[in-house]
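*Asks:* need a 3D model of the sequence below.
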Amino acid sequence: LRVVGTPAGARVFVNGVERGTAPLDLSDLPPGTHHIRVEITLNNGQIIAQEFNVVIGSQPEVRYDLNRYRIETNPVQVEVWAGQRQQIVATMRDVNGTIVEANFVWSIENPNVATLAGSENNTRFLQGIARGSTYLIITDTRTGVSLRVPVTVLDFPPPPGG
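*Replies:* Below is the predicted model:
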């Protein structure tokens, strides 16, 4: 199986294990279905990824395009106090920067640090639970593109005058 696409140099994971950077030949995969994830880390710490399920023997190549679509969030990174809520708005754009329709699935990597509330496709409220760091993960089910947004939850603010 060959993994190729744009931009070159994206990290390639097979069944959750990092195998190198694209373009990449994976000649040692046994027959069967495998989960391929290709990702790049942006300067602001966000991670854009695309995921594929492939059956070895029926597909010689996986082609990704992390430039074709991108998910943007406002804010691009989340920093909240424990007990505080922060609104997050997501937008899907194509390569020309035009907003396109998306079907987002939202999750938090570590629900002990933060949780999500809300049911609108493009908006959620993130609640800080306990001090720590985690990622907010937003995936578009139509394109397979996902975005990992860094989340930091800080201790409760000091009391006034203290």
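*Asks:* wait, residue 93 sits on residue 72?
*Replies:* Yes: counting by CB atoms under 8 Å, residue 72 is a contact partner of residue 93 at 6.3 Å. Heads up, the C-betas are built off the backbone N, CA and C, glycines and all.
*Asks:* and the worst-scoring helix or strand of the chain on mean pLDDT, what's buried?
*Replies:* Least confident helix or strand of the chain, by mean pLDDT, DSSP states H and E, is strand 47-56 with a mean of 88. Within strand 47-56, the residues scored as buried using 16 or more other CB atoms under 10 Å are 47-50, 54.
*Asks:* over to stretch 116-134?
*Replies:* 122, 124, 126-129, 134.
*Asks:* now do stretch 129-149
*Replies:* Under 16+ other CB under 10 Å, the buried positions of stretch 129-149 are 129, 134-140, 143-149.
*Asks:* mind checking which of those residues land in strands?
*Replies:* Using DSSP state E, 134-140, 145-149 are the members of the buried residues of stretch 129-149 that sit in strands.
*Asks:* and the host helix or strand of residue 70, what does it pack against?
*Replies:* Using DSSP states H and E, residue 70 sits in strand 69-74. Packing partners of strand 69-74 (3 or more CB pairs under 8 Å, 6 or more residues apart in numbering; DSSP states H and E): strand 85-94, strand 132-140, strand 145-154.
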